[in-house]
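J.: structure, please.
(one chain, ligands or ions: 2)
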Amino acid sequence: MNEKLLEVKNLKLYFKLEEDQSIVKAVDDVSFDVYEGETLGIVGESGSGKSVTTMAIMGLVPMPPGFIDGGEIIFDNKDLLTSSKEETRKIRGNDISVIFQEPMTSLNPVLTIGDQLTEVLFYHQKLNKRDAKAKAIDMLEKVGIVDPERIFSGYPHNLSGGQRQRVVIAMALLCDPKLLIADEPTTALDVTIQAEILKLLNDIKKEFKTSTIFITHDLGVIAEMADRVVVMYQGKVMEVASIQDLFDNPLHPYTLGLMKSMPNIEEDSDVLYSMPDKIGHPIAVKTSNGYTLLEGEYHGTDTVIIKHANRELRVHLQDRSAEKKEDSNV
Ligand SMILES: Nc1ncnc2c1ncn2[C@@H]1O[C@H](COP(=O)(O)OP(=O)(O)O)[C@@H](O)[C@H]1O
Ligand SMILES: [Mg+2]
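T.: Ligands and ions are numbered 1, 2, ... in the order given. This is a model prediction of the structure:
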């Protein structure tokens, strides 16, 4: 396997709510690795902690109310959580860039596209004006903008949603990042535009070979984009598997539930499957010899991690669904 580029280790990112001082465990002991050249998918329903994980990597979590209760985020042998601002500033936005769901989050409505693209190059790569413009136009072409000169001089409001997301992708790629994080990059777009942007991201993956974390709530999208997948639920990792293993042989009941809740165009049903409140535990791993309960590594008091070949299953013995219900009653 290739070298590890990013290691998230036992990350705990909590929020302390002001109104009742209660703690939301948005990311609760999450670990995963990203290897060079791969696309790691993170899938899970809304609220499972996907975006806050991204924000922790990018140093964008508002603190307070957020706080880190433990863990490490290792990139380039540095822990981004404890390194100096100076060190992490060079990494974030240069070595690691991010594409958010809503392109307007990343674009400034009062600046031209050209100003925004070249600013990145002035700041991180110290290019002069002419070289920066040439590089920006070239990148706009690479992301499928047909008239890059015109778009370069225009403003975000002159663009369609799909074009805006292409511009954001261009901006993210300008500094040749080692890691690209795409957080639901197509969720806000129409279905046809969504397909075009996914195709673009796949083409980029082939051309630039950038390691990518691809985040979505949509298993169908993950199937098209990822090499390996982390399944998250309520701030925890449920299982980690290659894309093929995950679809051929999902092991965690939560993953199975996610698969059942995918709309199936071949099945004529008005009723969509909805996830039960209480998710069961995986009790065994299917192997070529049948079902085996593999040796687990005990981790804290409430989670058992089962590792086998390239797969990882996490058994969270503490049932958190009761906790959640109580929260919603207050
Ligand atoms: N600023 C915040 N204050 C309090 N809770 C937050 C804040 N931001 C996120 N959360 C909580 O963190 C959890 C995970 O959110 P998020 O990462 O956005 O989920 P996802 O991206 O998987 O849909 C949610 O329960 C959300 O309410
Ligand atoms: Mg999100």
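J.: tell me which residue lies nearest the centroid of the protein.
T.: Nearest to the geometric centre of the chain sits residue 215, at 3.2 Å (CA atoms, centre = their mean).
J.: and the host helix or strand of it, how far from the chain's centre?
T.: Using DSSP states H and E, residue 215 falls within strand 211-216. Averaging C-alpha positions (CA atoms, centre = their mean, to the nearest Å) puts strand 211-216 5 Å from its chain's average.
J.: strand partners of the helix or strand in which residue 42 is found, parallel vs antiparallel please.
T.: For residue 42, the enclosing helix or strand under DSSP H and E is strand 39-43. Strand pairing for strand 39-43, determined by DSSP bridges: strand 211-216 (parallel), strand 228-233 (parallel).
J.: can you put those strands in TSV and add distance to residue 58?
T.: Heads up, the C-betas are built off the backbone N, CA and C, glycines and all. Formatted as TSV, the strands paired with strand 39-43 follow (distance: least, CB to CB, whole Å):
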stretch	distance to residue 58
strand 211-216	11
strand 228-233	17
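J.: among these, which is nearest ligand 2?
T.: strand 211-216 (6.8 Å; CB to the ion).
J.: is ligand 2 contacted by that closest one?
T.: No - residues of strand 211-216 are not located near ligand 2 by CB under 5 Å from the ion, the shortest gap being 6.8 Å.
J.: tell me the mean pLDDT over that strand?
T.: Here strand 211-216 scores 96 as its mean pLDDT.
J.: extract the C-alpha set from the strand holding residue 215 and format it as CSV.
T.: The C-alpha coordinates for strand 211-216 follow below in CSV (Å, rounded to 0.1, in the frame of the first residue of the first chain):
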residue,chain,number,x,y,z
SER,A,211,-5.5,12.1,-2.5
THR,A,212,-9.1,12.9,-1.7
ILE,A,213,-11.6,12.6,1.1
PHE,A,214,-15.0,12.5,-0.5
ILE,A,215,-17.9,13.1,1.9
THR,A,216,-21.5,12.4,1.1
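J.: next secondary structure after it?
T.: Next element after strand 211-216 (DSSP H and E): helix 219-225.
J.: next, the buried residues of that following helix.
T.: Neighbour-count burial for helix 219-225, counted by 16 or more other CB atoms under 10 Å, picks out 219, 221, 222, 223, 224, 225.
J.: same list (these) but as a markdown table, adding distance to ligand 2.
T.: Shown next, in a markdown table, are these (distance: CB to the ion, whole Å):
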| residue | distance to ligand 2 |
| --- | --- |
| 219 | 15 |
| 221 | 13 |
| 222 | 14 |
| 223 | 19 |
| 224 | 19 |
| 225 | 16 |
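J.: all strands of the stretch 151-300 of the chain, in order?
T.: 179-183, 211-216, 228-233, 236-242, 285-287, 290-292, 296-299 (DSSP state E, counting those that start in this stretch).
J.: can you name the next helix or strand after the last one?
T.: Put plainly, it is strand 296-299. strand 303-308.
J.: from the contact counts, what lies against the longest helix belonging to the chain?
T.: Ranked by residue count and defined by DSSP state H, the top helix of the chain is helix 191-208. For helix 191-208, the packing partners by 3 or more CB pairs under 8 Å, 6 or more residues apart in numbering; DSSP states H and E come out as helix 161-173, strand 211-216, helix 219-225.
J.: avg pLDDT for that helix?
T.: Helix 191-208 comes out at a mean pLDDT of 91.
J.: ok, stretch 35-44 next?
T.: Rounded mean pLDDT across stretch 35-44 is 96.
J.: up against ligand 1, what does this structure have?
T.: Residues of the chain lying close to ligand 1 (CB under 6 Å from any ligand atom) are 15, 24, 26, 44, 46-52, 62, 65.
J.: between those, which sits nearest ligand 2?
T.: The closest of the residues of the chain next to ligand 1, once distances to ligand 2 are taken by CB to the ion, is residue 51, at 3.2 Å.
J.: distance check, residue 92 against residue 314.
T.: According to CB to CB, to the nearest Å, residue 92 stands 28 Å off from residue 314.
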